[in-house]
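Visitor: Return atomic coordinates for the entry below.
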Amino acid sequence: MLLISKKNLILRLKLEKTKMRKYLFLLLSAFMFLKVSAQSDTNDLKISVLTCARGQMIYESFGHCAFRVQGDSGRIDRVYNYGTFKFNTPFFVIKFVRGFLDYYLSAYDYRRFFLEYKHDGRDVYEQVLDLSAEDRQAVFDYLEWNALEQNRYYKYNFLEDNCATRIRDCIEKVCGNSVVFPNGKYDFTLRESINNRLVDMPWYRLGVNILMGLPVDRIADSRSAMFLPDYIFTILNETYLVSDGEKKKIVGQSNPLLKFETPVNRTDFTTHCSPALVFWILFVVWAMITIIEIKSGKVHRFCDSLLLFLSGLLGVVFIFMWFFTEHTVTAWNLNLLWALPSHLVAAFMTRSKKLFWQKYFIIASVFTLIVLISTPILPQHFDVGVYPIMCMLIMCMARLVFFRR
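Guide: Numbering: from 1, shown residues only. You can find the predicted model right below:
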């Protein structure tokens with residue numbers, strides 16, 4: 001009996017010990033669950049939008065935007081940058097021109113980002129987003145997922161998909177209908193907003209203007225203007241989050257991380273030697289040469305052929321950029337009205353005595369004159385550097401008609 005009781009006692013103790021372990025395990029599991037839940041509700045993640053001033057290079061002319069994520073008591077301080085691409089990509093120039101170049105999201109240490117912009121002398125402003133713990137975690141999770149090799153690449157679109165619009169789109173995906181961006185129109189077009197940022201780079205401005213068509217001549221609104229980083233900054237300051245009838249600004253805090261007394265100096269001799277000035281001087285010189293040729297009776301057609309060839313080649317480029325690339329901003333380019341692709345052939349016919357080419361130069365010169373006169377009422381804005389080019393084309397074809405006679 002004593003032996004049996006002893007065995008029963010040992011067995012009971014073992015059972016009680018097993019039960020205690022189960023209870024402890026369940027209690028520990030519940031505690032860990034509550035701890036994880038509490039951490040997710042009170043995480044120390046901090047989501048910021050960084051807006052950077054423009055830089056020296058042409059691709060830095062419009063500034064830059066990126067996300068910054070801080071958390072885990074200082075262990076995380078990372079920048080998520082949608083504006084990176086690889087210069088060593090095979091057929092880089094062809095892909096860039098055709099709109100097939102892959103841009104990608106890169107994630108790296110904030111310190112590296114800070115030192116880069118400090119070295120370049122570019123201002124950086126930070127806007128801390130006043131999001132809930134759940135939304136902060138969702139932004140971080142989304143950026144981490146988007147930074148994976150299989151998810152990071154995208155096709156860059158100047159107006160609709162770039163480093164700035166990706167900031168807007170990420171906030172919309174996470175916050176959904178609770179985020180309310182301002183809804184209004186501005187008193188300028190998208191082209192004017194581009195030109196304002198290239199005022200000290202007139203040759204680049206000419207190139208950008210003649211390549212871009214009607215899509216950039218529409219009036220800017222608060223959404224379309226967000227392709228520019230500085231408008232991301234401005235519009236975020238006017239953006240609200242609405243939840244349970246309560247409305248609060250999405251930007252909780254705004255402060256400069258880098259501030260320089262003077263902005264990056266991008267002026268050089270080309271700033272003061274604008275295309276319009278150069279081309280008007282060429283026009284006057286050409287007009288003087290034409291008068292001399294009329295008096296002397298000696299005609300030189302090389303410059304006529306060269307101008308027609310270059311303008312015709314430019315027209316071919318406009319057609320290529322419109323129909324054979326993925327760039328939406330180069331469609332419906334009214335510069336084709338003066339840069340006629342047919343000039344490419346006419347350039348080799350300046351000495352031809354055929355009646356067809358006589359009529360061609362008459363009709364083309366009159367048509368170009370009508371386009372020049374009509375530019376104030378056409379829906380597309382023309383760069384000031386284009387007007388002397390049109391005048392030279394008119395004079396060129398008038399010369400050819402006059403000297404034929």
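
Visitor: which residues touch the residue minimising distance to the centre of the chain?
Guide: Centrality entry for the chain: nearest residue to the mean C-alpha point is residue 158, 4.1 Å, by Cα atoms, centre = their mean. By Cβ atoms under 8 Å, 6 or more residues apart in numbering, the contact list for residue 158 reads 227, 327-329. Backbone N, C-alpha and C define where each C-beta goes, glycine included.

Visitor: Secondary structure and pLDDT for those residues - can I get that in JSON lines?
Guide: Listed next are the contacts of residue 158 as JSON lines, based on DSSP: H, G, I helix; E, B strand; the rest coil; pLDDT from 0 to 100:
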{"residue": "227", "secondary structure": "helix", "pLDDT": "95"}
{"residue": "327", "secondary structure": "coil", "pLDDT": "89"}
{"residue": "328", "secondary structure": "helix", "pLDDT": "91"}
{"residue": "329", "secondary structure": "helix", "pLDDT": "92"}
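
Visitor: and those, which two are the farthest apart?
Guide: 227 and 327 (13.4 Å; Cβ to Cβ).

Visitor: Which residue is the nearest non-sequential neighbour of residue 180?
Guide: Nearest residue to residue 180 in three dimensions, chain neighbours excluded: residue 240, at 4.8 Å (Cβ to Cβ, 6 or more residues apart in numbering).

Visitor: and the one you found, bridged to which residues?
Guide: residue 180, residue 249 (DSSP bridges).

Visitor: what about it, neighbour count?
Guide: Residue 240 is flanked by 15 other residues according to other Cβ atoms under 10 Å.

Visitor: mind checking how far it is from residue 274?
Guide: Distance, residue 240 to residue 274, by Cβ to Cβ, to the nearest Å: 43 Å.

Visitor: Can you tell me the SS state at residue 83?
Guide: strand (DSSP: H, G, I helix; E, B strand; the rest coil).

Visitor: Would you check that it makes contact with residue 64?
Guide: Yes: counting by Cβ atoms under 8 Å, residue 64 is a contact partner of residue 83 at 5.7 Å.

Visitor: what sits in contact with each of these two?
Guide: Counting by Cβ under 8 Å, 6+ apart, the residues touching both residue 83 and residue 64 are residue 163.

Visitor: can you give me the helices for this protein?
Guide: 2-41, 92-98, 110-120, 133-146, 163-175, 190-196, 202-211, 229-236, 269-272, 275-296, 302-323, 343-346, 355-374, 386-404 (DSSP state H).

Visitor: Same list (these) but as CSV, adding distance to residue 74, mean neighbour count and mean pLDDT.
Guide: Converted to CSV, those look like this (distance: least, Cβ to Cβ, whole Å; neighbours: other Cβ atoms under 10 Å; pLDDT from 0 to 100):
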stretch, distance to residue 74, mean neighbour count, mean pLDDT
helix 2-41, 16, 10, 46
helix 92-98, 39, 13, 65
helix 110-120, 11, 14, 96
helix 133-146, 15, 17, 96
helix 163-175, 24, 20, 95
helix 190-196, 39, 18, 95
helix 202-211, 42, 19, 93
helix 229-236, 25, 22, 96
helix 269-272, 44, 11, 81
helix 275-296, 52, 14, 92
helix 302-323, 48, 17, 95
helix 343-346, 63, 20, 96
helix 355-374, 62, 15, 96
helix 386-404, 55, 20, 92
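
Visitor: Could you say which one of these comes nearest to residue 334?
Guide: helix 355-374 (8.5 Å).

Visitor: tell me the angle the closest one makes with helix 386-404.
Guide: 150 degrees (axes from the mean of the first three to the mean of the last three Cα atoms, to 10 degrees).

Visitor: the inter-axis angle of helix 355-374 versus helix 302-323?
Guide: 70 degrees.

Visitor: what packs against helix 355-374?
Guide: Secondary-structure packing of helix 355-374 (3 or more Cβ pairs under 8 Å, 6 or more residues apart in numbering; DSSP states H and E): helix 343-346, helix 386-404.

Visitor: do you know which of the ones you listed lies nearest residue 201?
Guide: Using Cβ to Cβ, the nearest of these to residue 201 is helix 386-404, at 16.7 Å.

Visitor: could you check the angle helix 275-296 makes with that closest one?
Guide: Using the same axes, to 10 degrees: helix 386-404 against helix 275-296 is 10 degrees.

Visitor: can you give me the angle helix 386-404 makes with helix 202-211?
Guide: 70 degrees.

Visitor: Check which helices and strands helix 386-404 sits against.
Guide: Helix 386-404 packs on helix 202-211, helix 275-296, helix 302-323, helix 355-374, going by 3+ Cβ pairs under 8 Å, 6+ apart.

Visitor: redo that, cut-off 10 Å
Guide: helix 202-211, helix 275-296, helix 302-323, helix 343-346, helix 355-374 (3 or more Cβ pairs under 10 Å, 6 or more residues apart in numbering; DSSP states H and E).

Visitor: Could you export those to CSV, including columns for distance to residue 188?
Guide: Compiled in CSV, the helices and strands packed on helix 386-404 are given as follows (distance: least, Cβ to Cβ, whole Å):
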stretch, distance to residue 188
helix 202-211, 15
helix 275-296, 21
helix 302-323, 24
helix 343-346, 33
helix 355-374, 22
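
Visitor: and the gap between the closest residue to residue 299 other than its chain neighbours and residue 69?
Guide: Nearest non-adjacent residue to residue 299, counting by Cβ to Cβ, 6+ apart: residue 403, 4.8 Å away. Residue 403 sits 70 Å away from residue 69, going by Cβ to Cβ.
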